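Trainee: can you look at this prediction? I've put the sequence above it.
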Amino acid sequence: MDAQTQVSGTTVGAGPKVTQVAATVFVLPPLPYAENALEPVISTKTLRLHYGKHNKGYVDTLNQLVTGTPFADMSLKQLVLSTAGKAEYAPIFNNAAQAWNHAFYWRSLSPGGGGVPPLALKTRIDSTFGDLETLKEELSAAATTLFGSGWAWLVLDGAKLRVVKTGNAENPLTAYTKPLLTIDVWEHAYYVDFENKRADYVKGVIDKLINWEFAAENLSSA
Ligand code: FE2
């Protein structure tokens, strides 16, 4: 089933079978760049699989889980917050959070990324971490030491910048912090290109792809 429409058959009374076409609740957002735009750090093959199979799979599964339920009326963020920590809603949370996380991850990367953050963000980084290199080291450490699958994040926690890591589908929204950028460290994000060398993927992302402008926009809207 694609991410645009869902079709379900419904029998109404004794009448004929009615095919009901329901609007899809959640749609896979388009990538903000071409599939080959993140090479050589992230190959076209990885991006095609990651976005077209894994990311799309989360969105499709989420739609299957929530269509026809009260969850269908929520925003993706509301859905994440409403289902977090509730065992009975774990499948919905996992797919909703992964849909949110991936949409955020794609925007956290940029062809020609890396470099120096915009001044307002750089000033906050310097006051919190001392300098940009220290933040990059903390982000790299979070991303490489996370055990198993998950995410490394730069967040705004109250008035303070912090680096955090979350396992599996978890994200910082549930801790009421504001994500500024993220790095996906699930194996599907790097294994085709780097095999078991997660640290090389993380270094490539931080040095060449990280979208400081996106983080600065998120900071300015906080
Ligand atoms: Fe992923």
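Mentor: That came through, no problem. Numbers count the residues shown, from 1 in each chain.

Trainee: which SSE is Arg162 in?
Mentor: Under the criterion of DSSP states H and E, Arg162 resides in strand 160-167.

Trainee: give me the contacts around the following helix or strand past that strand.
Mentor: Following strand 160-167 in sequence order, the next helix or strand is strand 178-184 (DSSP H and E). Residues from elsewhere that reach strand 178-184 (CB atoms under 8 Å, 6 or more residues apart in numbering): 50, 101-102, 104-105, 108, 139, 143, 151-157, 161, 171-173, 202, 205-206, 210-212, 214-215, 218-219, 222. Where C-beta positions appear, they are placed from N, C-alpha and C, glycine not excepted.

Trainee: mind doing that once more with 7 Å?
Mentor: If you take CB atoms under 7 Å, 6 or more residues apart in numbering as the criterion, strand 178-184 is touched by 101, 104-105, 108, 143, 151-156, 171-173, 202, 205, 210-211, 214-215, 218-219, 222.

Trainee: same question, stretch 109-118
Mentor: Contacts to stretch 109-118, defined as CB under 7 Å, 6+ apart, come from residues 33, 37-38, 122, 125, 132, 205-213, 215-216.

Trainee: how long is that stretch end to end?
Mentor: Separation of the first and last residues of stretch 109-118 by CA to CA, to the nearest Å is 15 Å.

Trainee: buried sites along that stretch?
Mentor: By 16 or more other CB atoms under 10 Å, the buried positions in stretch 109-118 come out as 109-110, 113-114, 117.

Trainee: with stretch 188-201 instead?
Mentor: Residues of stretch 188-201 classed as buried by neighbour count (16+ other CB under 10 Å): 189-190, 192-194, 198, 201.

Trainee: would you map the helices across this protein?
Mentor: 44-49, 56-66, 76-83, 90-108, 119-129, 132-145, 191-194, 198-204, 212-220 (DSSP state H).

Trainee: please identify the most buried of those.
Mentor: Mean neighbour count (mean count of other CB atoms under 10 Å) peaks for helix 90-108 among the helices of the chain, with a mean of 22.

Trainee: make JSON lines out of the helices of the chain and add mean pLDDT and distance to Phe26.
Mentor: Shown next, in JSON lines, are the helices of the chain (pLDDT from 0 to 100; distance: least, CB to CB, whole Å):
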{"stretch": "helix 44-49", "mean pLDDT": "98", "distance to Phe26": "21"}
{"stretch": "helix 56-66", "mean pLDDT": "96", "distance to Phe26": "6"}
{"stretch": "helix 76-83", "mean pLDDT": "96", "distance to Phe26": "6"}
{"stretch": "helix 90-108", "mean pLDDT": "98", "distance to Phe26": "6"}
{"stretch": "helix 119-129", "mean pLDDT": "97", "distance to Phe26": "30"}
{"stretch": "helix 132-145", "mean pLDDT": "98", "distance to Phe26": "27"}
{"stretch": "helix 191-194", "mean pLDDT": "97", "distance to Phe26": "26"}
{"stretch": "helix 198-204", "mean pLDDT": "98", "distance to Phe26": "28"}
{"stretch": "helix 212-220", "mean pLDDT": "97", "distance to Phe26": "21"}
